[in-house]
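**Student:** Sequence first, predicted coordinates after that:
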Amino acid sequence: MYTKPLTQKILPLFSLGLLFTFGCAKEDLTPTEDFSATSAQQATQDGPTVTLDSKRYIIIASGDQLPSDITARAKSANGTVTSLLSEAGIAVATSDDPQFAAKASKITGVRSVVRDFTYQAFDPQKERSADVAANNVNPPSTGDSNPYFPLQWGHTAIQAPQAWNTGAQGEGVVVADLDSGFDLTHPDLQPNIVGSVSFVPGEDAQFRGAGSSHGTHTAGTIAAADNNIGVIGVAPKSKLLLVKVLRDSGSGSFSWMMSGIVYAVQNNAKVINLSLGAAFLRNGKFLNDNGTPNDPSDDFIEHDAKGTQELLVAISKVTSYAAKQGVTIIASAGNDANNGNKDQSLVHIPADATGVISISATGPMGWALNPLTTNLDRLASYSNYGTSAIDFAAPGGDFAYPGSEIVVFKGVRQYVWALDMVLSTAKNGGYTWMAGTSMAAPHATGVAALIIGKNGGQMDPARVKAVLRASADDLGKPGRDAAYGHGRVNAFRAVSQAL
């Protein structure tokens, strides 16, 4: 992870870090003793890597279910089933036999067998913008008693306070957040946590990494409690099921994510947040896990276009299973500033999977300088976009402001560009700013929880999406457009509709 110092301790009221996240972390800026840092947007980092696992395989059923004897049949093909997601027609297996995929693919009832993929979920941001008018005034609301609520411009953008004032706060809804590790003892999260689990071998759900905690941040945006301590979530009375499917370092396997989705469905989640993913080349160019990254002469580069296609089939089986069980799935669209209308060489997984609602990111530029008039709905500089790729937009933050001025804003002394990012919970009971479509997805997930809560805690995902669509603010070109999809989500309008 690329890091550089921020300058001097500039937050006298409470200790806040700054993290640029692109699906996850890019920069972790820690206060130091001087003001020598260059502007954040000059930082660069290589994009996410996707690696073929040489010994872990995903077995995909030809129908809804795998053969009942798949464990024994896989053993006969020299493999060991390590995870059986029978409800979704998926199994995960390991094998030292390089011919395992070919052998297991011949089992009756098996559509295909592909190698699992390891991916680095946190990717870079690049410049892109689109301006729309805004009106940035919050009414008095329940959020006012939380000290850092005034710094949460994203709630203003989606009219969350107005939604809370109608009585909609997500009560009765369990939201599963699939991410890296979490601060399970954070005072803003602990009141709403109903369970936690890890699918990452060797790591428990508690965040123990050296860097910033991506999972803690997304969880706080969804459902930080209204407890007068720090920040407040979009759905502050919803409950959190925290599911670790990425290492604290931000990498993970898609089989872990699929296992996490099935677990969430089976444990009463009604909304799943996926602030993670990777962009695949459709031609399937990957590094084998026996290879050497960043070596252009490496012999372990492989082309596996079928692997990309079948991975999407596998994940779509899992997401379709979730939808049939009444679970809404929301995912970040990705942070490559990719124009899906012009460049269709990439597949974004899981955002492109069946039934998944894909979210682009918006963010202001210089909000702290003109909080009442600054446009909060610019397409963020890093966000992917494309008419068919984006369902909705939501606040994800940005750091495109070109200056390095420091202001005192809402009692906090900070860089102007830093305040354009999303403030939420962080490790060790703290708070941090992040920017990315990873921050946009939990805003939309929170709105979905408000909608479902108003409906009594149960709602068909197609209906949830229909309400999101009918209530979204139609920004950009009329109708569905490349930047905002059907529009930027609006919590107040969503809960004010007849369901």
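**Tutor:** Ah, there it is.
**Student:** Quick one: residues contacting Ser83.
**Tutor:** Ala91, Val92, Ser255, Ser259 (Cβ atoms under 8 Å, 6 or more residues apart in numbering). C-beta: built from backbone N, CA, C; applies to glycine.
**Student:** Report the separation between the third one and Asp53.
**Tutor:** If I follow you right, that is Ser255. To Asp53, Ser255 is 9 Å away according to Cβ to Cβ, to the nearest Å.
**Student:** cool, Lys427 as well?
**Tutor:** From Lys427 to Asp53 the distance is 29 Å (Cβ to Cβ).
**Student:** picking that back up, which of the contacts of Ser83 lies closest to Leu468?
**Tutor:** Ser259 (27.2 Å; Cβ to Cβ).
**Student:** tally of neighbours for that closest one?
**Tutor:** By the criterion of other Cβ atoms under 10 Å, Ser259 has 24 neighbours.
**Student:** In what element of secondary structure is it found?
**Tutor:** helix 254-266 (DSSP states H and E).
**Student:** Buried residues in that helix, which are they?
**Tutor:** Phe254, Ser255, Trp256, Met257, Met258, Ser259, Gly260, Ile261, Val262, Tyr263, Ala264, Val265 (16 or more other Cβ atoms under 10 Å).
**Student:** right, and the fifth one touches Leu312 too?
**Tutor:** No: with the criterion set as Cβ atoms under 8 Å, Met258 and Leu312 do not qualify as a contacting pair; they are 11.9 Å apart.
**Student:** So which elements touch the helix holding Ser259?
**Tutor:** On a contact count with 3 or more Cβ pairs under 8 Å, 6 or more residues apart in numbering; DSSP states H and E, helix 254-266 meets strand 50-61, strand 80-85, strand 90-94, strand 110-120, strand 174-179, strand 239-244, strand 271-274, helix 305-324.
**Student:** Start from the N-terminal end of this protein and give the helices.
**Tutor:** 70-76, 100-104, 153-157, 160-165, 214-223, 254-266, 305-324, 416-419, 437-454, 461-471, 491-496 (DSSP state H).
**Student:** Just the buried positions in stretch 67-82, please.
**Tutor:** Neighbour count says stretch 67-82 has Pro67, Ile70, Arg73, Ala74, Ala77, Gly79, Val81 buried, by 16+ other Cβ under 10 Å.
**Student:** Report pLDDT for Leu242.
**Tutor:** Confidence at Leu242, expressed as pLDDT, is 98.
**Student:** what's across from it in the sheet?
**Tutor:** On DSSP bridges, the residues paired with Leu242 through beta bridges are Asp177, Ser196.
**Student:** quick one: contacts for it?
**Tutor:** With Cβ under 8 Å, 6+ apart, Leu242 has these contacts: Ala176, Asp177, Asp179, Phe182, Leu184, Ile193, Gly195, Ser196, Val197, Ala205, Gly215, Ala219.
**Student:** and of the residues you listed, the nearest to Arg413?
**Tutor:** Comparing the contacts of Leu242 against Arg413 with Cβ to Cβ picks out Ala219 as the nearest, at 27.2 Å.
**Student:** Surely Asn428 and Thr185 touch.
**Tutor:** No: counting by Cβ under 8 Å, Asn428 does not reach Thr185; the two are 9.0 Å apart.
**Student:** ok, and the closest non-adjacent residue to Val495?
**Tutor:** Distances taken as Cβ to Cβ, 6 or more residues apart in numbering place Ala168 nearest to Val495, at 3.9 Å, with adjacent residues excluded.
**Student:** All the strands of the stretch 351-499 of the chain, residue numbers only.
**Tutor:** In order along the chain, the stretch 351-499 of the chain carries the following strands (DSSP state E, counting those that start in this stretch): 356-362, 392-395, 406-409, 412-415, 422-425, 431-434.
**Student:** Save those as CSV, and put in mean neighbour count too.
**Tutor:** Shown next, in CSV, are these (neighbours: other Cβ atoms under 10 Å):
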stretch, mean neighbour count
strand 356-362, 31
strand 392-395, 32
strand 406-409, 15
strand 412-415, 20
strand 422-425, 28
strand 431-434, 26
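**Student:** Could I get those strands in JSON lines, plus columns for mean pLDDT?
**Tutor:** Output for those, formatted as JSON lines (pLDDT from 0 to 100):
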{"stretch": "strand 356-362", "mean pLDDT": "98"}
{"stretch": "strand 392-395", "mean pLDDT": "98"}
{"stretch": "strand 406-409", "mean pLDDT": "92"}
{"stretch": "strand 412-415", "mean pLDDT": "89"}
{"stretch": "strand 422-425", "mean pLDDT": "95"}
{"stretch": "strand 431-434", "mean pLDDT": "92"}
